[in-house]
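>>> only geometry, no sequence info:
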Ligand code: 173
């Protein structure tokens, strides 16, 4: 009897300890970008802040990059719940759903996408087709470019060139006559070193993170599309969080998203570094430049609508200008 009474005495304490634990959840997060890439510095700074301010509510456990989960598997891993959160661009998880690659085609800022219903529509697709919750976009204001290792071009004709791509650039570079080969960022250095490719698609920034300037002679201007990198979450995990945990993560993710003007200055700096490294811009006359850009979006949307007749047209309305 005495023992039971003693046990009962401690029951509330034990239960209280359990509830406190139940209120703090730890989520596992991976990045699709190579370990040394600057994107991950911004990501881990954000994770540190989330962990500092989220004691007793929510903590993030940074698993790392492609050494843990290969770049093109991050989306699948989030979808299947192997990890709880992913940091990736949509082009890396078209194996989950083709619509993932549509975010690059946005011509309005993400803040406006939240107001005009684009993000609600994206959330619905990501839920239904990806088993994901779309948390936040943390890269925008960043065009992609074509970079060349040896041969200069004087018009937008890529015949005879073999280019490294991801789904971001496939339709456009092929439409201009290139031969394309897909590879994750982590394999590009070796491909350049071995002369396997004559160039590659990549944003205006983060070339130095990967030391590709060693093999890069030309950057074709103008840039096209808008690079997107986002935080995505496994949907069942998300739904299993408490309201307070969801609110906390949403607030932190939106604060991260609100920092995207950072890229404007950063990209100017990176462009300057490229010229210092001897990377020469290749430009076309005004009419050709306009045609180049128009073609990028035309074939980009045509490709998206072909892959997703169901969602492509609506995405174009919501994300276009
Ligand atoms: O080129 C790429 O690897 C790619 O598709 C991408 C997309 C967004 C940001 C950085 C790279």
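Received it, and whenever you're ready, just let me know what you need. The structure displayed is predicted, hence computed values, not measured ones.
>>> Quick check: residues of the stretch 101-250 of the chain near the ligand?
166, 168, 185, 201, 202, 203, 227, 229 (C-beta under 6 Å from any ligand atom). C-beta coordinates here come from the backbone N, C-alpha and C atoms, glycine included.
>>> Same list, these, but as CSV with neighbour count, secondary structure and pLDDT please.
As requested, these are exported to CSV (neighbours: other C-beta atoms under 10 Å; DSSP: H, G, I helix; E, B strand; the rest coil; pLDDT from 0 to 100):
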residue, neighbour count, secondary structure, pLDDT
166, 24, coil, 98
168, 26, coil, 98
185, 22, helix, 98
201, 23, strand, 99
202, 24, strand, 98
203, 23, strand, 98
227, 23, coil, 98
229, 23, strand, 98
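>>> how about those residues, which pair is most distant?
Using C-beta to C-beta, those span at most 15.1 Å, a distance reached by 201 and 229.
>>> is it true that residue 116 touches residue 107?
No: Residue 116 lies out of contact with residue 107 (C-beta atoms under 8 Å); the separation is 11.9 Å.
>>> low-scoring stretches of the protein, by residue?
1-22 (pLDDT under 70).
>>> And the helices in it?
Shown for the chain, the helices assigned by DSSP state H span residues 2-23, 38-53, 74-80, 110-115, 118-130, 170-175, 188-193, 235-240, 243-257, 262-276, 286-307, 312-319.
>>> What residues of the last one count as buried?
The one in question is helix 312-319. Residues of helix 312-319 classed as buried: 312, 315, 316, 318, 319 (neighbour count, 16 or more other C-beta atoms under 10 Å).
>>> residues in contact with the last one?
Going by C-beta atoms under 8 Å, 6 or more residues apart in numbering, residue 319 touches 102, 103, 105, 106, 107, 108, 113, 118.
>>> If we only consider those, which is nearest to residue 153?
Using C-beta to C-beta, residue 105 is the member of the contacts of residue 319 that lies nearest residue 153, at 24.0 Å.
>>> ok, the nearest residue to that closest one once chain neighbours are set aside - contacts?
The shortest distance from residue 105 to any residue other than its chain neighbours is 5.3 Å, reached at residue 300 (C-beta to C-beta, 6 or more residues apart in numbering). Contact analysis of residue 300 by C-beta under 8 Å, 6+ apart lists 104, 105, 171, 172, 225.
>>> how near is the fourth one to residue 283?
Using C-beta to C-beta, to the nearest Å, we find residue 172 at a distance of 18 Å from residue 283.
>>> More neighbours: which of the two?
Neighbours were counted for residue 172 and for residue 283 using other C-beta atoms under 10 Å; residue 172 has more, 26 against 13.
>>> which residues sit in contact with that one?
Residue 172 touches 224, 295, 296, 299, 300, counting by C-beta under 8 Å, 6+ apart.
>>> For those residues, work out which two are farthest apart.
224 and 299 (10.5 Å).
>>> The two: who's more crowded?
Using other C-beta under 10 Å as the criterion, residue 224 and residue 299 rank with residue 224 on top: 23 against 17.
>>> For the more buried one, give its distance to residue 169.
Taking C-beta to C-beta, one finds residue 224 at 9 Å from residue 169.
>>> Would you mind grabbing the residues shared as contacts by the two?
residue 144.
>>> Can you get me a residue count around residue 321?
For residue 321, the tally of surrounding residues (other C-beta under 10 Å) stands at 6.
>>> number of nearby residues for the spatially closest residue to it that is not a sequence neighbour?
Across the structure, with C-beta to C-beta, 6+ apart as the measure, the residue nearest residue 321 apart from its sequence neighbours is residue 107 (4.2 Å). If you count neighbours by other C-beta under 10 Å, residue 107 ends up with 12.
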